[in-house]
Every structure is written in structure tokens, then in C-alpha cells.
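Asker: Sequence plus predicted model, see below.
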Amino acid sequence: MIRLFLLLLPLSAVLSACGPADKPEDLTVAQPRTVQLSTVQQTDSSQSYRFPATVIPVKTVELNFEVSGRLKYVDLKQGQRVPEGTLLAAIDAAPFERSVRENRARHKQARLELERIQSLYKKGLAAKRELDNAETQFEITQVDLENSIQDLSYTELRAPFDALVSERLVEAGSYIITGTAITRLQDVSKVHFEINVSERVLAANIDNKILSATASVAGRSDDEFELEYVEHTTAADPVTQTYKVVFASEPPADTHLTPGIRASVNVEVGHSDDSPALYVPLNALQVNPDNSYSVWRYQESQGTVTQVAVEVANTQGHMVVIQSGLQLGDQVVSAGVSQMREGLAVKPYVEE
């Protein structure tokens, strides 16, 4: 039996070799994935915002006398513009003038007495204590004279700057106590425009700079005023959640812009350089595990995508400004970026 099996084994091998060949398995060819592409475009990186504004004074101060007395002169017409140095109010100076004369006479007498004692001291006819007393009295009368002269100068109240009389707080004939507010003045040497900027706008432009700013006043929309940035608050208003920003302009020569007038301010923000920026749709951006950014660039010659690291400058609505990593005209995947992988075969979606 064993011998028969060994004789039949080669024969079965030959028959098997002569039998029909097996059919090869069908190979499945991966079809390219259809993707939506967007072309990297060029745009001016600046953006404009328009805000309602209010004209405000540079500052508002209350003026008061530093001495007490009867108010003798007042020239404070509310709404009046007064140049720096203009006499606004005056206290009766007669008592202060008498004080100056009295102190000047005492000082003269003290000087003569000091000279007499000095002469006697040199001759040995006066004690050192007498000389010391004379010198002390001379210094005291000198201080009294200087104080009385200063008090006399305080009887006049003059405009400390080019100002607008906002409010008159006293009338002529009133007795004024030291420190009593006489008037409120508004500094109008420049025109200040105040706007309120929301947290959203501020956050979107945290890396941008103010490139230009102009203002127009209600009723005079044809006139534009060039503005310069002055200051802004760093704490948001607890109610409106906005930040106050102040711009300044030189006062117009042909008209007066009174504080309280409504206006509008147009602000252009962006990067200080004038080079146009490249931008892609926000949906094209992929955030990597290390918080870096990348996009999937389409390689037309190979029909595949490759991951490209990019630096983001800022966002503008639904677009992202790219600082580096792409070139003008590149095509990037702008939908379904999470499904992309290196070298994936794709084909552009064509709208029918």
C-alpha cells in the first residue's frame, strides 16, 4: 500500500500542475477624495471701523482764590472763550496792598536796626546776643514781606490756558473764602474726541496698530478732521463692557467745536508696514497639538495634499491673515481639513 501511494504522488503533482490556473484577486484602486479648494489671495491687511463719538475738553478744572476777600470784579460769561492770561475775577486788593506797605516798612526798620547793631558789634559795644536777635528779626520781616506780596498776587484770578468758561459759580460782591470754587474752565487748546470700543473689536485688533483716524461732526459731514491717538482706558466699563479711547485734533480755525457735540470717528487699523497680506479662509486653518497652525496645500502635479506650517498674523471676519508659509496663488483645502493626511490623493471639487 505504501509503495502504491509513493507511485501515485508524483502523478497527482503533475496533474495538479497541468490543471487550470487560479484567477488573480481583484485589486481595489483607491479613488481620489474630492476636496474643496481655496486660492491664497492678497489683500490690504488694514481694516476700518466707524464709531459714534463725543467732543470732550482736554481737561476741566475749577479755579479758586487762595486768599479770602470781597469779590470786586468778575468777567465770566458762560460759553465764553478766553485766552491764556485773561483776568477772570479779582478780590478787593486794598487790604493786601496795605499789608504789603506795612511789612515793607517793618522790613526796612529791621534792616536799619541790623546795620546799627552790626556796627556796634564790630566796635565791641554790642553783645553777640543782640546781633543774633537783630538778624533773626530781619529775616522774619523779610518772610512777612514776601508772603504779603504773594497774597496780593492771589487777589487776581487769570485763565491758566486757552479755555472755555463752562460754568460761573459766584457773583460780584460775594465774600469769598479761601478755596471756594469760582468757575469751571474747559481746556479747548485741542479738540478731543472720545469713542467707546467693544471688547470684541479690541481683542480682534490686539496686534494691530492705528494707521489713521479721522472725525466728522454731525451736521458737517463734508469736513474731516485728522486725528492723533491720545490715550485709552485699560479697564472695561462694568455696564457697557467697552473701553474709552480718546483722539485729538487741532481746533478748526473757522469754527468752534464745543464739548458735547456729537461726531463720528473712522479708525483704520493694521500693520505699520504697507505690504499687502496673504489670507485664506478660517476653515482652512488646522490647529496642531502643539498649538501651532498649518494648512493642507494642494499639489496639482501629483494630485495630492501636503501639510504646510503657517504663521498667523490675525483674523479678519471669516478670513485668516497668513504671515508666512504660503505664497500667492497656492491652493489649500478649505473644508474637512481634519480628514486630510500627508500624500492623500485628492481632486478639486468642481461646481456643476
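Answerer: Now that the structure is in, tell me what you want to look at.

Asker: Geometric centre of this structure: which residue is closest?
Answerer: Residue closest to the average C-alpha location in the chain (Cα atoms, centre = their mean): H232, at 4.5 Å.

Asker: contacting residues for that residue?
Answerer: H232 sits next to V197, Y243, K244, V245, V246 when contact means Cβ atoms under 8 Å, 6 or more residues apart in numbering. Any C-beta I mention is one placed from the backbone N, CA and C, and that applies to glycine too.

Asker: Distance of the residue nearest to the third one when sequence neighbours are not counted relative to D290?
Answerer: If you skip the residues right next to it in sequence, K244 has T233 as its closest partner in space, 4.6 Å away by Cβ to Cβ, 6 or more residues apart in numbering. Per Cβ to Cβ, to the nearest Å, T233 is found 36 Å from D290.

Asker: of these two, who's got more company?
Answerer: When T233 and D290 are compared for neighbours, T233 comes out ahead with 13 against 5, by other Cβ atoms under 10 Å.

Asker: Show me which of the contacts of H232 are buried.
Answerer: With neighbours counted using 16 or more other Cβ atoms under 10 Å, those contain these buried positions: V197, Y243, K244, V245, V246.

Asker: Looking at the residues you listed, which is nearest L152?
Answerer: When the buried ones among the contacts of H232 are compared for distance to L152 (Cβ to Cβ), V246 wins out at 39.6 Å.

Asker: wait, isn't that closest one in contact with E194?
Answerer: Yes - with contact taken as Cβ atoms under 8 Å, V246 and E194 are classed as touching, separated by 5.2 Å.

Asker: ok so, going back, next one: the residue nearest to K244 from Y154, what distance?
Answerer: Here T233 is placed at a distance of 36 Å from Y154 (Cβ to Cβ).

Asker: got the phi/psi numbers for the closest residue to Q137 other than its chain neighbours?
Answerer: Excluding its sequence neighbours, the residue lying closest to Q137 (Cβ to Cβ, 6+ apart) is A110, at 4.9 Å. Backbone dihedrals for A110, given as degrees, to the nearest 10, come out at phi -70, psi -40.

Asker: what about A110, how many residues close to it?
Answerer: 21.

Asker: Also R116?
Answerer: Residues lying near R116 (other Cβ under 10 Å) number 13.

Asker: cool, the one 4 residues further on as well?
Answerer: As a burial measure, L120 scores 15 neighbours (other Cβ under 10 Å).

Asker: show me the residues around it that make contact.
Answerer: With Cβ under 8 Å, 6+ apart, L120 has these contacts: A126, E130.

Asker: Okay, buried residues for the host helix or strand of it please.
Answerer: Per DSSP states H and E: L120 is located in helix 94-122. With burial defined by 16+ other Cβ under 10 Å, the residues of helix 94-122 counted as buried are F96, S99, V100, N103, R106, H107, A110, E113, L114, I117.
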